[in-house]
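Undergrad: show me the folded form of this:
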Amino acid sequence: MKTCFKCGMVLPLTEFYRHPAMNDGHLGKCKNCAKRDVSENRRANGEYYRAYEASRSRRPHRIALKRQLALREAVEHPERVKARGKVARAIRSGHLAKSPCVICGHRARVEAHHDDYAKPLDVRWLCPSHHRLADRGVL
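TA: Presented below is the predicted three-dimensional model:
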């Protein structure tokens, strides 16, 4: 058992991240407090992190990794790649138009979500956060 110095709760060691520099081998704040601190820091310094991630994505090894992942996706899930291509062509040709997110109504950066890749043009328009939830099966 260990006491978190942030929230003061006494929790089992499994609720603390490992940290080799600490005497007991675990960080002094619990996982929940650590996650909260990281979220607040990213929110407070969002512009810095966006610039950092943008520069990081342009590094040669990251570009090669993205290409490698895209090739693996094409081999493992060709139906997904074909469906995404059909949606992109339909948007460009004007046969399919983007709509606001069907959950929250957000209009910027909506993405096409396929419930069934066998029906490539049957999509739900979702904002990125709702699209992630739909991909996990929550929505």
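
Undergrad: CA only for contacts and neighbour counts going forward, please
TA: Will do.

Undergrad: roughly how far does residue 64 sit from residue 49?
TA: 22 Å (C-alpha to C-alpha, to the nearest Å).

Undergrad: what do you get for residue 71?
TA: From residue 71 to residue 49 the distance is 28 Å (C-alpha to C-alpha).

Undergrad: mind listing what's buried in whichever strand or helix holds residue 50?
TA: In this structure, residue 50 sits in helix 46-57 according to DSSP states H and E. The neighbour-count check on helix 46-57 (16 or more other C-alpha atoms under 10 Å) flags nothing as buried.

Undergrad: from the chain's centroid, how far away is it?
TA: Distance, stretch centre to chain centre, for helix 46-57: 15 Å (C-alpha atoms, centre = their mean, to the nearest Å).

Undergrad: and the next element down the chain from that helix?
TA: helix 60-76.

Undergrad: who does that following helix touch, helix- and strand-wise?
TA: In terms of contacts (3 or more C-alpha pairs under 8 Å, 6 or more residues apart in numbering; DSSP states H and E), helix 60-76 is packed against helix 78-93.

Undergrad: quick one: list the elements packing against the following helix or strand past the helix it packs on.
TA: Sequence order places strand 111-114 as the next helix or strand after helix 78-93, per DSSP H and E. Judged by 3+ C-alpha pairs under 8 Å, 6+ apart, strand 111-114 is in contact with strand 123-126, helix 128-135.

Undergrad: in TSV: those, plus mean pLDDT, distance to residue 93 and mean neighbour count.
TA: Output for the helices and strands packed on strand 111-114, formatted as TSV (pLDDT from 0 to 100; distance: least, C-alpha to C-alpha, whole Å; neighbours: other C-alpha atoms under 10 Å):
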stretch	mean pLDDT	distance to residue 93	mean neighbour count
strand 123-126	97	16	22
helix 128-135	95	24	15
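
Undergrad: tell me which of these lies nearest to residue 42.
TA: Across the helices and strands packed on strand 111-114, residue 42 has its closest neighbour in helix 128-135 (16.5 Å, C-alpha to C-alpha).
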